[in-house]
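Q: Just to be clear, the model below is a prediction. Sequence and coordinates:
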Amino acid sequence: MQWLKRISTILAMAGLCLCLPRAYALAISEIQLNSHLNQTLQATVDLLAVSPEELDSLVVIIRPLQESSSAAMTWPKISHEIVSDQSGRHRINLSSPEPIQEPVLNFVLELSWSGGRLEREYVLLIDPDTE
């Protein structure tokens with residue numbers, strides 16, 4: 001009889017675990033730089049553990065980290081696009097219409113969605129093209 005009580009307790013605990021709502025925590029990866037100095041910016045940031053609800057309400061803002069007032073004048077325009085691949089993975093593509101002239105870009109990627117907000121600072125060290 002005692003083994004029946006133990007099995008009942010285990011099954012009840014397993015049932016409770018299955019009934020709990022899933023907890024998603026949107027996260028972002030390191031940045032992958034795919035361009036060189038004096039080229040247009042091409043970079044990607046993977047979205048990790050993103051739910052469909054978070055993806056639907058996701059807003060991305062790119063803010064320069066300004067250390068002086070002159071930094072704002074030379075800051076390049078960077079646009080973003082949220083894309084999904086065939087395997088269902090999501091990423092943010094970052095690009096610029098003009099070539100990047102500065103070897104260091106320091107910015108904050110701010111993500112906000114219906115359930116939260118995330119900020120991450122990125123520093124891009126852009127090497128010259130060796131070809």
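A: Received the coordinates, thanks.
Q: Could you report the pLDDT at the residue nearest the centre of the chain?
A: Nearest to the geometric centre of the chain sits residue 28, at 3.2 Å (C-alpha atoms, centre = their mean). pLDDT for residue 28: 95.
Q: Could you verify my assumption that it touches residue 120?
A: Yes: with contact defined as C-beta atoms under 8 Å, residue 28 counts as touching residue 120 (5.9 Å). In short, each C-beta sits where N, CA and C put it, glycine included.
Q: joint contacts of the two?
A: Here residue 28 and residue 120 share the contacting residues residue 109, scored by C-beta atoms under 8 Å, 6 or more residues apart in numbering.
Q: circling back to that earlier point, how about the residue nearest to the centre of the chain: what's its closest non-neighbour residue?
A: Closest residue to residue 28 apart from its sequence neighbours, by C-beta to C-beta, 6 or more residues apart in numbering: residue 45 at 5.2 Å.
Q: before we move on, which element is that neighbour in?
A: Assessed by DSSP states H and E, residue 45 sits inside strand 40-48.
Q: Give the buried residues for that strand.
A: Using 16 or more other C-beta atoms under 10 Å as the test for burial, strand 40-48 gives 41, 43, 45, 47.
Q: List the beta-bridge partners for the second one.
A: Which is residue 43. Beta-bridge pairing for residue 43 (DSSP bridges): residue 33, residue 94.
Q: Check the gap between it and residue 32 for me.
A: For residue 43, the distance to residue 32 (C-beta to C-beta, to the nearest Å) stands at 6 Å.
Q: so where is the protein shaky, pLDDT-wise?
A: Scanning the chain for pLDDT under 70 picks out the ranges 1-24, 66-73, 131.
Q: all helices of it, in order?
A: Per DSSP state H, the chain carries helices over the ranges 2-19, 52-57, 69-74.
Q: What lies in contact with the second one?
A: Applying C-beta under 8 Å, 6+ apart, the external contacts of helix 52-57 come out as 24, 26, 47, 82, 90, 113-115.
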